[in-house]
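Visitor: Give the three-dimensional model of this entry:
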Amino acid sequence: MAAVLANPAKMIERGAPHLIRTEAQLAAYTKALYRLTDQARPTSAQVEAIELLTLLIEHYEEEHYSVPKASPADVLRFLLDQHSLKQRDLAAELGGERFHVSPAVFFPNA
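Guide: Below is the predicted model of the structure:
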């Protein structure tokens, strides 16, 4: 392992995965990840590549598409507000009618 890491810059120059800096790189890395995860029986090297690409993609997305911390109920309230919907508009989707539960079940702190 020490020999492999003796010159990390050379690894990058030779095409080793590196930090994602653009949307185009994100798309390329995501496409490569999909190809790898499509393998029925990935090799140990492919599994390592999947893990590395996943970390790099997550790092980029956390920096560029961060989602503020919010409870599920807060997220649902926000989405309802953004789409000018009321709780009753989601009753069929959430099972309000089907399971005979109040939509308030989904808003425990309301």
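Visitor: Distance of the residue positioned nearest the centre of the chain relative to residue 12?
Guide: The centroid of the chain falls nearest to residue 58 when counting by CA atoms, centre = their mean (6.7 Å). When distance is defined by CB to CB, to the nearest Å, residue 58 is 20 Å away from residue 12. Every residue, glycine included, has its C-beta placed from N, CA and C.
Visitor: Now for residue 89: which residues touch it?
Guide: By CB atoms under 8 Å, 6 or more residues apart in numbering, the residues touching residue 89 are residue 80.
Visitor: can you do 7 Å?
Guide: Listed by CB atoms under 7 Å, 6 or more residues apart in numbering, the contact set of residue 89 is empty.
Visitor: Could you point out the helix or strand that follows the longest helix seen in the chain?
Guide: When the chain is parsed with DSSP state H, its longest helix is helix 44-64. Next helix or strand after helix 44-64 toward the C-terminus (DSSP states H and E): helix 72-82.
Visitor: roughly how far is the lowest-mean-pLDDT helix or strand in the chain from the heart of the chain?
Guide: Least confident element among the helices and strands of the chain, by mean pLDDT, DSSP states H and E: helix 91-94 (a mean of 72). Taking CA atoms, centre = their mean, to the nearest Å, one finds helix 91-94 lying 25 Å from the centre of the chain it belongs to.
Visitor: Can I get it in PDB? Just the C-alpha atoms.
Guide: Taking Å, rounded to 0.1, in the frame of the first residue of the first chain, the C-alpha atoms of helix 91-94 are listed here in PDB:
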ATOM      1  CA  ALA A  91     -55.100  11.900   1.700                       C
ATOM      2  CA  ALA A  92     -55.300   9.300  -1.100                       C
ATOM      3  CA  GLU A  93     -51.500   9.200  -1.500                       C
ATOM      4  CA  LEU A  94     -50.800   8.800   2.200                       C
END
